[in-house]
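**Student:** Have a look at this fold, sequence not included:
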């Protein structure tokens, strides 16, 4: 007879991949790497910050004395607007051209703020700026996907603590988004309904993995979550891209992000690190009735502000694994959600 503590695997319906869940390992002792928690209080303005108003940037440009959001082309872009690479489409060594645009979006002029501490109004204003950039980038003929994301904290490789997002707009559909496109299309063809709408409704009916909900958005720890306190944010109304949101929905998303990210800060008593991003439909000019706009939040912290999860060993060579069940993770996050 099985119990909730038995090992088992759960399938990620968005990618088709499986995750090993091992609840019986929750009590194992930890003698591995311990990080140093960042408890330094930052001021509103830092003279040597590349993103603060009026400061010199690393690329030699000077920021304006801005208030609110500020957008600029990344001084060190991962994608170039043109590419002269030789394309190799067969054989053992294949390559393709990958051009695009990279932009940086500062949420606010205040260095010591973050989504977890900004007001809902200020977060909504930042989201509106992201939407403007989404529109301008997807209008380019060479762009087929617009990825908006944020890395927060040194643990996640963030090179600057000033609150900001990045936008990478690509010529080709990135791998994770291609997987999600395939799975959502398959579900629509088979069931004549949207995968993520059906999933959202099933999660709300179950209730155990729901972290936060308001009139416009629902946040859950996915049934298939890989990261300890991973969160999937889903809209109540079916739409496929951020520029389809109305003002109330933008504020609803702002409130959801503030609540979920704030719960991480409160739980670990620190400015919790994470990677977060939005997944809109492709910008390839085609209709995408299968796609539901959504957001992923991937925090690495596991047991405390100083212990993080690593994807190593079996997880690199076999499949992802977690000890903490998504149900327990969601229950813990709910305690800290405001």
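**Tutor:** Alright, I've got the coordinates. These numbers come from a predicted model, not from an experiment.
**Student:** Please count neighbours and contacts with C-alpha atoms only from this point.
**Tutor:** Noted.
**Student:** how about the helices in the stretch 201-338 of the chain?
**Tutor:** Using DSSP state H, counting those that start in this stretch, the helices of the stretch 201-338 of the chain run over 247-268, 314-317, 326-336.
**Student:** I'd like to know which of the ones you listed is closest to residue 89.
**Tutor:** Among the helices of the stretch 201-338 of the chain, helix 314-317 comes nearest to residue 89, with 27.1 Å by CA to CA.
**Student:** Now the closest one: average pLDDT?
**Tutor:** Mean pLDDT, helix 314-317: 91.
**Student:** which helices and strands sit right next to it?
**Tutor:** With contacts defined as 3 or more CA pairs under 8 Å, 6 or more residues apart in numbering; DSSP states H and E, helix 314-317 has no helix or strand neighbours.
**Student:** thinking again about what came up before, mind putting the helices of the stretch 201-338 of the chain into a markdown table with mean neighbour count and distance to residue 234?
**Tutor:** Listed next are the helices of the stretch 201-338 of the chain as a markdown table, based on neighbours: other CA atoms under 10 Å; distance: least, CA to CA, whole Å:
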| stretch | mean neighbour count | distance to residue 234 |
| --- | --- | --- |
| helix 247-268 | 21 | 9 |
| helix 314-317 | 11 | 27 |
| helix 326-336 | 19 | 15 |
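**Student:** Which one, of those, ends up nearest to residue 237?
**Tutor:** Short answer: helix 247-268, nearest of the helices of the stretch 201-338 of the chain by CA to CA, at 9.1 Å.
**Student:** Show me where the stretch 101-250 of the chain has its strands.
**Tutor:** For the stretch 101-250 of the chain, the strands defined by DSSP state E, counting those that start in this stretch cover 145-152, 164-170, 210-213, 217-220, 231-235.
**Student:** need those strands in TSV with mean pLDDT and mean neighbour count, can you?
**Tutor:** Shown next, in TSV, are those (pLDDT from 0 to 100; neighbours: other CA atoms under 10 Å):
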stretch	mean pLDDT	mean neighbour count
strand 145-152	96	23
strand 164-170	97	23
strand 210-213	98	23
strand 217-220	98	26
strand 231-235	98	25
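**Student:** re the thing from before, which of the helices of the stretch 201-338 of the chain comes out lowest on mean pLDDT?
**Tutor:** Lowest mean pLDDT within the helices of the stretch 201-338 of the chain: helix 314-317, at a mean of 91.
**Student:** Quick one: closest of the strands of the stretch 101-250 of the chain to residue 63.
**Tutor:** Of all the strands of the stretch 101-250 of the chain, it is strand 164-170 that lies closest to residue 63, at 14.0 Å by CA to CA.
**Student:** isn't residue 158 right up against residue 149?
**Tutor:** No: the pair residue 158 / residue 149 is not scored as a contact, 11.7 Å apart, by CA atoms under 8 Å.
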